[in-house]
Every structure is written in C-alpha cells, then in structure tokens.
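> Sequence and predicted model, in that order:
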Amino acid sequence: MIPKSKSCGDIVEAVAEAKVKRVWWGVVENGKERTSISGNSNVIDSDDDGGAQDIIFTLEESDSEDYSALEEESVGTAAMSVYTQEGIAVARRIWGHFWSPEYKHFRTQGKTAETIGDWNGYTVWAYLIGLEAIFEAEKSAPGMFRTEIQEALLGMEQHWSPDHGAYCAWVYFKGNGDIYIDDNAQIAILLLLAHRLLPAPVGFPYRSYLERASQVVSFCLTGWDKANGGGIRWHVSTEGPPWTDRNACSTSLTAVAALELASVLRDGGVSNTDKQVRELVDWGRECVDWVWGELVSGNGNGNGLVLDGLVQKQKGGPWVREGPTYTYNTGHTITALVLLYDLLLPGDPYAPTIRLRASSLVISSIDRTKGLYDKTVPNLQQRYWWDNSFFVHLLVEGLVVWGMRFGSEDNFLWRQVRGEIQRQMDYVITYLRDKDDGLYWRNFRLYTISIEHLRVYIALTGDVERQPKFDAAEMRQDDQSMALPVAQRALVKTLLGCGGAGRSLCIAGRVL
C-alpha cells in the first residue's frame, strides 16, 4: 500500500465521503432540463410524449465547497453556468500566467513540455490551444477578452512562413519547414471564429481574418495524398514517416476548416450553390468519407470510434492502421459531419448517412466499455475519458455541436450526452484543478500525474493495486529536473493542460 500523505489527506477523505451520493431532482419540460448546479444523469427514462418528467441527477465526486469557491471567482453574472464561469476564470489565468508582453508570445519561466528556446516560448500547437480557450471565453462574455485576443493573434504571426503560406511549429526563420497541417487547420478554424467575433484587424500583415483563413485552408488541402488513396498528410515534409502519415487529426480538422469557411461564406451572403462554396463542401465530404472508410468502419476493432491514422513504419513500407482511439479524433470528426450535413443541398440522398454516422460516433463516445474511456479502471462507474484535456476539448465540442443541431430531434440521446459531459466536467474541476492557483493538470488518468493524485485515484475507484505511470509532460523539463528520476521532478502547469480545460468548460457551459 502507498503511505498516506498529509498534503493530500483532506482530498482523500473528501473523495471517500463522496462515495455517498448526493442527489438533486431536476425536471424536463418539453425536452429541456432545468437544474440548479451539477449532476450526473447516467440513467434517464424516456417518455414518448415529450411532457414533463422527473430525472435523478447524482454528483458522485464533487465537493460543494469547490463550487462555492468557483462562484466567488466568477464574472459576477448569475445567468452563466458554473462551467462557463470557471472557463472564463481559466482564460484570465492563462493570460496572466503564460502571456509575455515582452516576447508577445505565450511562455513559461522554466522549461516544460512544448516549450522551445532559451526564453521557453510555446510551440504553435500549445499557443493556439491556449488562445482557443480565450476565444471561447470571449464567446461567452463578448468584449471581455477582445484586446488580449487581438494581441495574441498578432503575436502568432511570428510563426508565419511566407515560403509555405502557413504557420510553423516554432517561430519562423528562413528555412524553417517544420509545419504541421493539423496545426494549421486549427489555426484556420480560429481565424474564422475571429472573423465572426472581432472587428477587422488593424496593423496586421493581412487585411481580414477571412482572407488569412482562406489562405491557410488552401494550404491544408495541398496535403491530400492522392497517390496513396487520399487522406491529409500530417506534415509538409515528404521524407517519409511519420511526416507523411495520413492522420485523422489532419484530415478531419482540414474538413472542419474547409466546411467552416464554406459556412462563413454562406452566412456572409454567398449562395450555397456558389462554385467556391460547393468546392469546399466537396473537400469536406471527401475528407470525412476517407476517415470513415479507413479509420472507422475499416478499422476492424469493433469500437465504432476513429483510429489515429494510416502510417508506415518505414518509407515505402505498407500502410497500416494505428491506434489508439484518442478523444479528439472522434470529436472533430463529429463536428465535421454535422457541418457537412448542414451544407448539403436540399434533397441530397447522402444526408441520412451523414447524420447516422455522426450519431453512431456520439453513442460510442459515451459508452464506458469502449476505447475513449480508461478501460483499465475496474469500476465501470468510475471510468472517465482516458487521455488529456488538450484532446478532450475537441470531443466536448463535437458532442455539443451535435446536440445543438440534433438534440431536439433525438432528445433521449441528447440528455444522456449532456449528463456525460456534465459528469466529465465535474471530474475536471474536482480532480484536475489545483486549488492553490486555479490552473489545471493535463492528464485525465490521475495515476499519471503524481503520487498524491494516485492516492486520490485509489480512494475514488477502489483500485488498490494500481501503480503510478508518471507522464513526464506534467513535470519540469529543465536540465536539472531531467537528471532526476521522473517521480522526483517538480510538477508544473502547462498551457496545453490549462487551455484544454478552459475551452472544454466554456463549451460545456453552453448546454449545461
């Protein structure tokens, strides 16, 4: 047995007490739930008449004092859910903790995962995840983060490569060809959101966010690997694996970017039958068809989830399907399918297939016996999504996008989905949030963070045989730290962990 530590004793006791479930009663009226705070709707009975019905909501792990603390730090509006309030608070903390006015960039004081250079600046992937969290907070509280967003978007131009018409993983220098297509697809999506939320850019090297987003989408589409049967390559390099792997993240995120661009054009007055719009829709369709055929229905694992990609072990070698089933791959594929459905022309016979595919992924996403959950946890009721907050936010987004489009038509499934989102977000706030600074760890599997978190995991699950499996990305990575055994390294918060948590909470807050 692992000895109990004073530093986590109060947490362990709170978890043990939480095994006695607390219950709130909510009411569903015409398919809309009314609840006062958080709860888990794990099993919900359905009435066909759509009338009012009682539902039990249980909160198994949360501490009510935690939520009171969050409310004290809230934006001061009772109309926002506790999840939205916390997401906004996380955005504030991200800006205060990671943004450097000196470097006009996100950075840390010491070296951590995803930082580069002697000033510990973040790679563009972490940069955009942190910025996405601030964008979602701005959507929830318009005007609150406008100045910060514009400053960060301008700072991101340090990564722009005029040679490739895309954003480098690290700040641009002549000859820097380290450019990932999935990063750029996410940046295009972010720029399209900026077009919707912000006034035209002033002092930027482009005239409009839409102009730059269009340029980046065009770049992403050059990654289509026609010679090998399709799919978007991961990287611009043609030197072989892993750069030439055709991944779900690069392909589905490119589909989302292309379809979002088509949607923005349509919403701006361009006809849905316009040639440019239809070409973008066709690209989106081709991408999701490839993902479905190669990484879902063709993966042979029976999970009904999206595998990571088609990869080669060596240049010129055979292509093989590779897992695992990361949460984000299924999440952004759901988003792409919903966007595609809404952009199809009336009467398109493909529409029912697209909707069915999206719904099947949603169902598999909340099935605790399938691959998005930590199936090593013996207690089914204590299984949560298995990977990291910086992936989970895209799954939360996919589920919410699906629910806001189809939830009123598939109310029973939507209530199950909402209940699971709420259960997962309660877990994030309760176990991944550091009460000392309000920042977040990155791993959903508590036993990968620290011995203290392992103790909490054991108290929560009863899995007394569990051994630690530390993730070095949760810890400092300076030379002095790296010389120590991983268990002795100091823990550190990262922009990826905080950004993923903050964005997840803001998105979830739209429907909870």
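Done, it's in. Since we're looking at a predicted model, the values are computed, not measured.

> And the residue nearest the centre of this protein?
His393 (2.1 Å; Cα atoms, centre = their mean).

> does that residue sit in a helix or strand, and which one?
helix 389-406 (DSSP states H and E).

> which helices and strands does that helix pack with?
Here helix 389-406 touches helix 124-140, helix 327-343, helix 351-365, helix 411-427, helix 495-509, going by 3 or more Cβ pairs under 8 Å, 6 or more residues apart in numbering; DSSP states H and E. From N, CA and C alone the C-beta is placed, and that goes for glycine too.

> which residues are contacting the third one?
Yep, that's helix 351-365 we're talking about. Here helix 351-365 makes contact (Cβ atoms under 8 Å, 6 or more residues apart in numbering) with 288, 292, 296, 303-306, 327, 330-331, 333-334, 337-338, 340-341, 344, 370, 372, 395, 398-399, 402, 406, 410, 413, 417.

> Mind giving me the ChimeraX select for these, buried ones only?
Buried members of the contacts of helix 351-365, defined by 16 or more other Cβ atoms under 10 Å, are picked up in ChimeraX with:
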select :288,292,296,303,304,305,306,327,330,331,333,334,337,338,340,341,370,372,395,398,399,402,406,410,413,417
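
> out of the helices and strands packed on helix 389-406, deepest packed?
helix 495-509 (a mean of 29; mean count of other Cβ atoms under 10 Å).

> Now do it against helix 389-406, angle only.
Going by axes from the mean of the first three to the mean of the last three Cα atoms, to 10 degrees, helix 495-509 is angled at 20 degrees with respect to helix 389-406.

> what residue ranges in the stretch 51-200 of the chain score low on pLDDT?
51-78 (pLDDT under 70).

> neighbours around Thr376, how many?
Using other Cβ atoms under 10 Å, Thr376 has 12 other residues around it.

> now do the one 3 residues further on
Around Asn379 there are 10 other residues, counting by other Cβ under 10 Å.

> ok, now how distant is the closest residue to it other than its chain neighbours from Arg423?
Of all residues not flanking Asn379 in the chain, Thr461 sits nearest, at 5.1 Å (Cβ to Cβ, 6 or more residues apart in numbering). Plainly put, Thr461 is 15 Å away from Arg423 if you go by Cβ to Cβ, to the nearest Å.

> pull the helix or strand with minimum mean pLDDT from the chain.
Every helix and strand of the chain was ranked by mean pLDDT, DSSP states H and E. The lowest is strand 22-29, at a mean of 26.

> mind checking pLDDT for the closest residue to Glu322 other than its chain neighbours?
Of all residues not flanking Glu322 in the chain, Val311 sits nearest, at 4.7 Å (Cβ to Cβ, 6+ apart). At Val311 the predicted local confidence, pLDDT, stands at 96.

> tell me the contacts of Val311?
241-242, 245-246, 319-320, 322.

> cool, Gly509 as well?
Contact partners of Gly509, counting by Cβ under 8 Å, 6+ apart, are 80-85, 87, 140.

> quick one, phi psi at Ile116?
phi -140, psi 150 (degrees, to the nearest 10).

> Who are the contact partners of the residue nearest to it when sequence neighbours are not counted?
Sequence neighbours aside, Trp170 is the residue nearest to Ile116 in space, at 5.3 Å (criterion: Cβ to Cβ, 6+ apart). When contacts are counted by Cβ under 8 Å, 6+ apart, Trp170 touches 116-117, 121, 123-124, 159, 176, 178.

> what does Leu505 give?
83-84, 86-87, 90, 425, 428-429.

> Which residue is the nearest non-sequential neighbour of it?
Gly87 (3.5 Å).

> Check the secondary structure at the one you found for me.
helix (DSSP: H, G, I helix; E, B strand; the rest coil).

> burial measure for it, as a count.
As a burial measure, Gly87 scores 28 neighbours (other Cβ under 10 Å).

> ok, now Lys275?
Neighbour count of Lys275, defined by other Cβ under 10 Å: 9.

> Tell me how far it lies from Val281.
Distance of Lys275 to Val281, given as Cβ to Cβ: 11 Å.
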